[in-house]
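In: after the sequence you'll find the predicted model.
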Amino acid sequence: MTRLSYFLGIAALAAATSAQAAELPAEIKQAGALKLTVNSTYAPMEYRDPATNELVGLDVDLANELAKRLGVKIVWSETPFAELIPSLQTKRADFIISGISDRASRRETADFVDYLGTGPQFFVMAENEAKAATDLCGKKVGTTRSTSFPVEIEKWSKQNCEAAGRPVIQYVPGENSIDVRNQLKQGRIDAAVQGSETLPYAQTQEPGKYRVIGEPFAKGYQGIMFRKDDAVLREAVTEKLAAMIADGSYKAVLDKWGLGANAVVQPMLNAASQ
């Protein structure tokens, strides 16, 4: 399916509900609130500001603006990354906007409205001698266990290390991006992988500490995740997100967090290919 098909799919959704102006589900309208949960360890997408302990981030800003346009407030909660999808399935969350990648394997029970480009990227400590990604063949590389990155590292390693007769990368799991960076600083791993959207922030917080190796080695999207049977809410949020893109407020949020280059031109439904 082409990207045009995804755009047309979104357009069809909008046309089908234009008469209703994408109304919110009755229970949310009655409550006047959205229940949203995040994993607040993924700066700059969502994290606790060290100075104020306030929940901040790109996803937080986008969600707050969406809620404002929908005429409701947000009741925030926090959970480990591995509990984000169960939170959606058990209806503890109305939808998930928390640095979660659109993956085909996650679409059996959920739909994604994709809103941000992303991709896994290798990085090392600044003093590491590695120059190219292939210098990491046979090395210990850590990443968050509950993301798509372990599979993507394995695929890249087979194509670029094993196929060239080099030893494959040794994957080392971590609980979250903070844990992975700590392992890197402690010398327990040689390199690490995070989403390309998080590394600029990490580098500004610890200047001169890390060095990125190469470009992102896969391409994907982060998406707002909805239950399959919650099309009404999905369409209402999609309509407001499309309006934010059209009026520039979406780009302003991304620019605030230094991620303007990760912008999409239109919301896309289940756009990721893997």
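Out: That came through fine. Note that the structure is predicted; figures quoted are calculated from it, not measured.
In: now stretch 64-77: mean pLDDT?
Out: Per-residue pLDDT over stretch 64-77 has a mean of 98.
In: please name the nearest non-neighbouring residue to Thr41.
Out: Asn176 (4.3 Å; Cβ to Cβ, 6 or more residues apart in numbering). Yep, even glycine has a C-beta here, placed from its N, CA and C like the rest.
In: over to Met45?
Out: Leaving aside its sequence neighbours, Met45 sits nearest to Gly99 (Cβ to Cβ, 6+ apart; 4.0 Å).
In: likewise for Leu36?
Out: Leu36 sits nearest to Ile74 (Cβ to Cβ, 6+ apart), 5.4 Å away.
In: how would you label that neighbour: helix, strand or coil?
Out: Classification of Ile74 by DSSP: H, G, I helix; E, B strand; the rest coil places it in strand.
In: now do the one 10 residues further on
Out: The three-state label given to Leu84 by three-state DSSP is helix.
In: what of Arg211?
Out: For Arg211, the secondary-structure state derived from three-state DSSP is strand.
In: any idea how far the closest residue to it other than its chain neighbours lies from Tyr210?
Out: Closest residue to Arg211 apart from its sequence neighbours, by Cβ to Cβ, 6+ apart: Ala126 at 4.9 Å. Note on Ala126: its distance to Tyr210, by Cβ to Cβ, to the nearest Å, is 6 Å.
In: neighbour count: those two, which is higher?
Out: Neighbour totals were compared for Ala126 and Tyr210, and Tyr210 leads with 21 against 12 (other Cβ atoms under 10 Å).
In: bridged to that one, which residues?
Out: Counting by DSSP bridges, Tyr210 forms beta bridges with Met125.
In: quick one: Lys29 from Glu235, how far?
Out: Distance from Lys29 to Glu235, by Cβ to Cβ: 14 Å.
In: quick one, strands of the stretch 151-274 of the chain?
Out: Using DSSP state E, counting those that start in this stretch, the strands of the stretch 151-274 of the chain run over 170-174, 191-195, 210-213, 220-227, 268-269.
In: report the rounded mean pLDDT for the longest one.
Out: Going back to what we said before, that points to strand 220-227. For strand 220-227, mean pLDDT rounds to 96.
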